[in-house]
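> No letters, just coordinates:
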């Protein structure tokens, strides 16, 4: 089976997830650590799949790699939510994606001995450049660099560690077995967040009448976000299992193009639901980046 269309579909869903994440973190759930709790504790449900993969187990040190993969993924989400809390997701997310690709390439070469063709390397470099173009930020609140980008770099490192260690498990075990243990352990981060008073407080809060759409339908939005997130990550993880983890990671450039298009349309037609600031120069840069993403992605399948 070809990994490319699977990755494309996964990143399409993930583009929607990242927009919902921003909406939730800024308008529904105010603290990133609280949203991290919701996003990670639910991953224990992956254990429900265990009987369907024959109660498969790992062996020896591979349990450690599964825990590292899961915990790194949870920490990646936590630091990513902190990043988008401080900046616009249409800029933070591509920047995060570019560094994920860079870190995956470095770690996969050292840890998995993964190699790419010259054409694929060129495609990866083009996608990294396109992602960085998409990350250039100019908003009314701030211009250019801010601490959100530092959190995005740290998040990218955690994502890269999670993806490469998961790929190691996919190589050595059936996909279902590796998926269960590398993703259910994400829930461990959810347990850690319970030490934060703001997380424990969510169990004590009384319901109040919501004043905004995001708050009024917070439960529905979070459910839709988590459902799409599970589907998206399942598709992307499977693409990584049957293809190159570096190339699938680099395909995130497609996600950011779609995300930019969705955000632009929401800003134009539904600004009360979701709105970001765009300048004319920024739109030109984004258009160039979209063309580069199309070119870079094409090189992966030549």
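In hand now; what should we look at? The model shown is predicted, which means the values in this text are computed figures rather than measured ones. Numbers count the residues shown, from 1 in each chain.

> Low-confidence bits of the stretch 1-150 of the chain, can you list those?
1, 27-30, 136-146 (pLDDT under 70).

> The same query, at a cut-off of 90, please.
1-2, 18-32, 35, 38, 84-99, 101-102, 113-121, 123-124, 126-149 (pLDDT under 90).

> mind listing the helices for the stretch 1-150 of the chain?
3-23, 32-41, 62-86, 89-107, 118-135, 147-172 (DSSP state H, counting those that start in this stretch).

> Make CSV out of these and add distance to residue 241 and mean neighbour count.
Every C-beta, even on glycine, is put in place using the N, C-alpha and C of the backbone. Converted to CSV, the helices of the stretch 1-150 of the chain look like this (distance: least, CB to CB, whole Å; neighbours: other CB atoms under 10 Å):
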stretch, distance to residue 241, mean neighbour count
helix 3-23, 8, 21
helix 32-41, 22, 22
helix 62-86, 13, 22
helix 89-107, 14, 25
helix 118-135, 18, 20
helix 147-172, 4, 22
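
> quick one, which of these is nearest to residue 279?
Closest to residue 279 of the helices of the stretch 1-150 of the chain is helix 89-107 (CB to CB; 12.1 Å).

> Any chance of the helices of the stretch 1-150 of the chain in JSON lines with distance to residue 275 as columns?
Below are the helices of the stretch 1-150 of the chain laid out as JSON lines (distance: least, CB to CB, whole Å):
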{"stretch": "helix 3-23", "distance to residue 275": "10"}
{"stretch": "helix 32-41", "distance to residue 275": "20"}
{"stretch": "helix 62-86", "distance to residue 275": "15"}
{"stretch": "helix 89-107", "distance to residue 275": "11"}
{"stretch": "helix 118-135", "distance to residue 275": "18"}
{"stretch": "helix 147-172", "distance to residue 275": "18"}
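
> Could you work out which of those helices reaches nearest to residue 258?
Across these, residue 258 has its closest neighbour in helix 3-23 (4.0 Å, CB to CB).

> just checking, what packs against that closest one?
helix 62-86, helix 89-107, helix 218-242, helix 245-250, helix 252-269 (3 or more CB pairs under 8 Å, 6 or more residues apart in numbering; DSSP states H and E).

> how far off helix 218-242 does it point, in degrees?
With axes from the mean of the first three to the mean of the last three CA atoms, to 10 degrees defining the directions, helix 3-23 sits at 150 degrees from helix 218-242.

> quick one: helix 3-23 to chain centroid distance?
Relative to the centre of its chain, helix 3-23 is centred 8 Å away, using CA atoms, centre = their mean, to the nearest Å.

> ditto for stretch 57-64
Between the centre of stretch 57-64 and the centre of its chain there are 26 Å (CA atoms, centre = their mean).

> one step back: which of the helices of the stretch 1-150 of the chain sits closest to residue 55?
Per CB to CB, nearest to residue 55 of the helices of the stretch 1-150 of the chain: helix 62-86, 15.2 Å.

> okay if I get the helices and strands packed on helix 3-23 as CSV plus distance to residue 161?
Putting the helices and strands packed on helix 3-23 into CSV (distance: least, CB to CB, whole Å) gives the following:
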stretch, distance to residue 161
helix 62-86, 4
helix 89-107, 7
helix 218-242, 14
helix 245-250, 12
helix 252-269, 16
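
> Quick one, which of those gets closest to residue 3.
Nearest to residue 3 among these is helix 218-242; the distance by CB to CB comes to 4.3 Å.

> With respect to residue 38, which of the helices and strands packed on helix 3-23 lies nearest?
Closest to residue 38 of these, according to CB to CB: helix 218-242, at 6.2 Å.

> can you list contacts of the closest one?
1, 3-4, 6-7, 9-14, 16-17, 20-21, 23-24, 28-29, 38-39, 42, 163, 166-167, 170, 175, 178-179, 183, 210, 214, 248-249, 251 (CB atoms under 8 Å, 6 or more residues apart in numbering).
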